[in-house]
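Visitor: Predicted model follows, preceded by the sequence.
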Amino acid sequence: MELPIYLDNNATTPLDPRVLEAMLPYFTNKFGNAASRNHAFGWVAEEAVDYAREQVAKLIGCTEKEIIFTSGATEADNLGIKGVYEMYQEKGNHIITATTEHKAVLDTCKHLEKLGAKVTYLNVKEDGLIDLAELEAAMTDQTILVTIMYGNNEIGVIQPVKEISAIAHKHGALFMTDATQAVGKIPVNVNEDGIDLMAFSAHKMYGPKGIGALYVRRKNPRVKVTAQMDGGGHERGMRSGTLNVPGIVGLGKACELCRLEMDAEAKRLSALRDKLENSLLELEESYVNGNREHRLPHVANISFKYVEGEGLMMAMKDLAVSSGSACTSASLEPSYVLKSLGLSDDLAHSSIRFGLGRFTTEEEVDYAIENTKKAVTHLRDLSPLWEMFKEGIDLDKIEWAEH
Amino acid sequence: MAYSEKVIDHYTNPRNVGTLNKDSKSVGTGLVGAPECGDVMRLQIEVDDNNVITDAKFKTFGCGSAIASSSLATEWLKGKTVDEALTIDNMDIVEELALPPVKIHCSVLAEDAIKSAINDYRVKNGLEPIELPKSHH
């Protein structure tokens, strides 16, 4: 077992060697521009792109023509939301999203607000899921788009996408989802789920960075987005720019591997995750954040009360994880996602996200359990709050000097 | 962000972790910060009849730099008179631990903790508290 151990697979995943192998020729002798229609170099590249498009389409149950390649999920989120806003302006200007969305969605919505959009940010319940009745109540005849993420990046909860899309459609709005954390990890089918637009990325599913896609429905209804990048009219005019052929080949291969291995992999990962989680919950005053039933198989977000996340990560030096604490940011604000669940700031500061992946072994999980337990105990020995808790002092009754 | 060797050293082997009897007249306790902000420091000093700090202990809830700042503060406090202790400036801690700008608030908190402990001691012993500069973080 090599140290440090990578348990941050929600941030990014390592490239699968099989994906790399598929990509390599397209960096060297198969270097052609997929838009070069009049020679063999272009044809070879175009063929590779077409094949990749099929591989991607197969994973999410759509047709090849519905895949628009982008530089990643952030760009796909931007293109989907801004593109719909511009295209459907005559119909309305109202967008509904949620407070726990990724910044690529939230900041895009904020940008549109400056341009005249009305945006509703739905709160989530304590378990991280949105309230369908609240969504229903927020719909107006001006609502053109509901955009709610599939699986959350920090806590892994899976939103009731099918129910959400049904509500959106009932009111004549389109439904978009940022499925960056879900595609390739759990079954996502755009037709079964009623998805009209969907953003996702290769590097969260063992593919390369710098490539992703926006799914844009072509039938029932035919969805159109206004291009946000002007140029040669690539990708059916929706996203100009020479295609990133090696990246696209990598995304395609990554999708194929996920499709073939997903069932077994999800089972393996959720067993490992449960082992990790249950062992760590043996520590006093530790809590799982987010709904434990409706969630991705590979994520565990746990708060260890009375220790601070960043300090804790320093003691877990052989583990690459992430924390909802943000002692380094100028604002010192902890994770907005955890706060949206109604977690107090101190619990949000005490959270650690473990993200397991395809290359995580049971031996590594066992090591992580031991290492984390030791670290929490070490930090609690240093923590005045832990001492006070043990003495039975009510920390909420102390007048803290806010700073 | 990489931590300096000194921060790692204090974090891994924190000096003077512990608790003094807060009810003792010779002990001053400073509890600063807030759980919501992600740092709380408790720093305690024990002062003898000659106004010399004979012992110092801390416990800190916070990041590595906050723990290191308070650990270093206890090291510096021991053997100093109370008046000398008042001259410890947060920038001395920043320099010693090579704290990056985003971590300066940790050193400020440590300075606040020192001053707050001294004030607790002064008040317990019938002295006027010194005026604390308005917290600036």
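Guide: Received the coordinates, thanks.
Visitor: which residues touch stretch A:247-264?
Guide: A:15-16, A:18-20, A:22-23, A:26, A:48-49, A:51-56, A:58-59, A:69, A:183-187, A:202, A:205-208, A:210-213, A:265, A:358 (CB atoms under 8 Å, 6 or more residues apart in numbering or on different chains). C-betas here are computed from N, CA, C, even on glycine.
Visitor: all strands of chain B, in order?
Guide: Using DSSP state E, the strands of chain B run over residues B:27-34, B:39-47, B:53-61.
Visitor: Please name the nearest non-neighbouring residue to the residue nearest to the spatial centre of chain A.
Guide: In chain A, the residue lying closest to the centroid (CA atoms, centre = their mean) is residue A:181, at 3.5 Å. Nearest-residue entry for residue A:181: residue A:151, 4.1 Å, with adjacent residues in sequence omitted and distances by CB to CB, 6 or more residues apart in numbering or on different chains.
Visitor: still on that earlier bit, buried ones from the contacts of stretch A:247-264, can you make that a ChimeraX selection?
Guide: To isolate the buried subset of these in ChimeraX, counting by 16 or more other CB atoms under 10 Å in any protein chain shown, use the following:
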select /A:15,16,19,20,22,23,26,48,49,51,52,53,54,55,56,59,69,183,184,185,186,202,205,206,207,208,210,211,212,213,265,358
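Visitor: Any regions of the chain where pLDDT drops low?
Guide: Unless you meant another one, I'm taking chain A. Within chain A, the stretches with pLDDT under 70 are A:326-332, A:402-403.
Visitor: I was thinking of chain B, sorry if that wasn't clear
Guide: Residue ranges of chain B with pLDDT under 70: B:1, B:133-137.
Visitor: In stretch B:121-131, which residues are buried?
Guide: Quick answer for stretch B:121-131 (16+ other CB under 10 Å): B:121-122, B:124.
Visitor: Pull the number of nearby residues for residue A:167.
Guide: For residue A:167, the neighbour count with other CB atoms under 10 Å in any protein chain shown is 20.
Visitor: and if you look at residue B:2?
Guide: 7.
Visitor: measure it to chain A for me?
Guide: Distance, residue B:2 to chain A, by CB to the nearest CB, to the nearest Å: 11 Å.
Visitor: how near is that residue to residue B:11?
Guide: 13 Å (CB to CB, to the nearest Å).
Visitor: ok, now residue B:39?
Guide: 14 Å.
Visitor: Same check on residue A:349?
Guide: Relative to residue B:11, and taking CB to CB, residue A:349 is found at 17 Å.
Visitor: Kindly report the same for residue B:68.
Guide: Taken as CB to CB, the span from residue B:68 to residue B:11 is 5 Å.
Visitor: wait, the residue nearest to residue A:181 sits on residue A:184?
Guide: No: contact criterion CB atoms under 8 Å: residue A:151 and residue A:184 do not qualify, at 10.7 Å.
Visitor: what ranges do the helices span in the stretch 301-403 of chain A?
Guide: All helices of the stretch 301-403 of chain A, identified by DSSP state H, counting those that start in this stretch, fall at A:309-315, A:336-340, A:345-349, A:362-381, A:384-390.
Visitor: Now these in a markdown table, please, with extra columns for distance to chain B and mean neighbour count.
Guide: What follows is the helices of the stretch 301-403 of chain A, written out as a markdown table (distance: least, CB to the nearest CB, whole Å; neighbours: other CB atoms under 10 Å in any protein chain shown):
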| stretch | distance to chain B | mean neighbour count |
| --- | --- | --- |
| helix A:309-315 | 4 | 24 |
| helix A:336-340 | 10 | 22 |
| helix A:345-349 | 4 | 25 |
| helix A:362-381 | 7 | 18 |
| helix A:384-390 | 4 | 19 |
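Visitor: can the ones you listed go into CSV with extra columns for distance to residue A:238?
Guide: Shown next, in CSV, are those (distance: least, CB to CB, whole Å):
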stretch, distance to residue A:238
helix A:309-315, 40
helix A:336-340, 30
helix A:345-349, 38
helix A:362-381, 41
helix A:384-390, 52
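Visitor: Kindly state which of the ones you listed is positioned closest to residue B:92.
Guide: helix A:309-315 (22.1 Å; CB to CB).
Visitor: So residue A:203: helix, strand or coil?
Guide: Following DSSP: H, G, I helix; E, B strand; the rest coil, residue A:203 is assigned to coil.
Visitor: count of residues packed around it?
Guide: Residue A:203: 23 neighbours (other CB under 10 Å).
Visitor: Distance of the residue in the stretch 51-200 of chain A positioned nearest to chain B relative to residue A:289?
Guide: As assessed by CB to the nearest CB, chain B sits closest to residue A:154 within the stretch 51-200 of chain A, at 16.8 Å. For residue A:154, the distance to residue A:289 (CB to CB) stands at 8 Å.
Visitor: before we move on, what about residue A:299?
Guide: Using CB to CB, residue A:299 is found at 10 Å from residue A:289.
Visitor: Quick check: closest non-adjacent residue to the residue of the stretch 1-150 of chain A found nearest chain B.
Guide: When scored by CB to the nearest CB, the stretch 1-150 of chain A has residue A:4 as its residue closest to chain B, at 13.7 Å. Excluding its sequence neighbours, the residue lying closest to residue A:4 (CB to CB, 6+ apart) is residue A:318, at 4.8 Å.
Visitor: same check, this time on residue A:31
Guide: residue A:41 (7.1 Å).
Visitor: show me what contacts the one you found?
Guide: A:30-33.
Visitor: Redo these as CSV? Include neighbour count and secondary structure.
Guide: Listed next are those as CSV, based on neighbours: other CB atoms under 10 Å in any protein chain shown; DSSP: H, G, I helix; E, B strand; the rest coil:
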residue, neighbour count, secondary structure
A:30, 16, coil
A:31, 13, coil
A:32, 19, coil
A:33, 14, coil
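Visitor: Which stretches in chain B count as helices?
Guide: B:5-12, B:64-77, B:82-85, B:90-97, B:104-124 (DSSP state H).
Visitor: Where does the residue nearest to residue A:31 sit, in terms of helix or strand?
Guide: Using DSSP states H and E, the element containing residue A:41 is helix A:40-60.
Visitor: now do residue A:255
Guide: Judged by DSSP H and E, residue A:255 forms part of helix A:245-280.
Visitor: Just the buried residues of that helix, please?
Guide: For helix A:245-280, the neighbour count (16+ other CB under 10 Å) marks A:245-259, A:262, A:265-266, A:268-270, A:272-273, A:276-277, A:279-280 as buried.
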